[in-house]
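# What shape does this take:
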Amino acid sequence: MSAFRWAGIALSVALAAGVAAADEFERVTPVRHAATQKECGECHMAFQPALLPAESWSRIMTGLSDHFGEDASLPEALASEIRDYLVANAGRGDPTVLRISDQSWWQREHRFSPSVWRQKEVGSKANCDACHRHAGQGLYDDD
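Residues are numbered from 1 along each chain as shown. Below is the predicted model:
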């Protein structure tokens, strides 16, 4: 095979990898676990497991008595079932970070003025549906 053809193949692979990396968090598998959807969805959108690494999900589920300032305690069996689902379907990211909005990939995609987060219809960085109409289905590329 000629060097020119190898270079073309290498360029194609590199471009495809770049697109895959850019889209990694734009389309994620929706929450398909009924207990996770019900329990997490009572207070906020049930975030897809791929948005955080396993270590982060494990720490969140271990600390439900102080879940970002709220008591979200669950019976241990239910918490364990949800933890198992989240960890088994987790994505990549910084395992020391608990908030999705503190992950570096999220920060890169959301470089907005602080006033955006204070808008009544947005309310907080956790309100994905304010800008991403299909966030609950794991689709974040519609903004």
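# What's the separation between R133 and S113?
21 Å (Cβ to Cβ, to the nearest Å). Backbone N, C-alpha and C define where each C-beta goes, glycine included.
# Who has more neighbours out of the two?
More neighbours surround R133 than the other of R133 and S113, with 13 against 7 (other Cβ atoms under 10 Å).
# Okay, helices next: where are they in this protein?
Under the criterion DSSP state H, the chain contains helices at 3-23, 34-41, 54-62, 76-88, 104-109, 114-118.
# Can you tell me the closest non-neighbouring residue to the spatially most central residue of the chain?
Against the mean C-alpha coordinate of the chain, by Cα atoms, centre = their mean, the closest residue is L51 at 2.0 Å. Nearest residue to L51 in three dimensions, chain neighbours excluded: I100, at 4.8 Å (Cβ to Cβ, 6 or more residues apart in numbering).
# give me every residue that touches the one you found.
Applying Cβ atoms under 8 Å, 6 or more residues apart in numbering to I100 gives the contacts 47, 51-52, 106, 126.
# before we move on, what about P95?
53-56.
# Just the closest of the contacts of I100 to V28, please.
Comparing these against V28 with Cβ to Cβ places L51 closest, at 6.5 Å.
# so how far is R118 from that closest one?
Note on L51: its distance to R118, by Cβ to Cβ, is 23 Å.
# which stretches of this protein have low pLDDT?
Applying pLDDT under 70 to the chain flags the ranges 1-23, 142-143.
# hmm, 50 instead?
For the chain, the stretches with pLDDT under 50 are 2-22.
# out of the contacts of P95, what pair is the most spread apart?
A54 and S56 (7.3 Å).
# any shared contact partners between these two?
Any residue near both A54 and S56 by Cβ under 8 Å, 6+ apart counts here, and that gives 90, 95.
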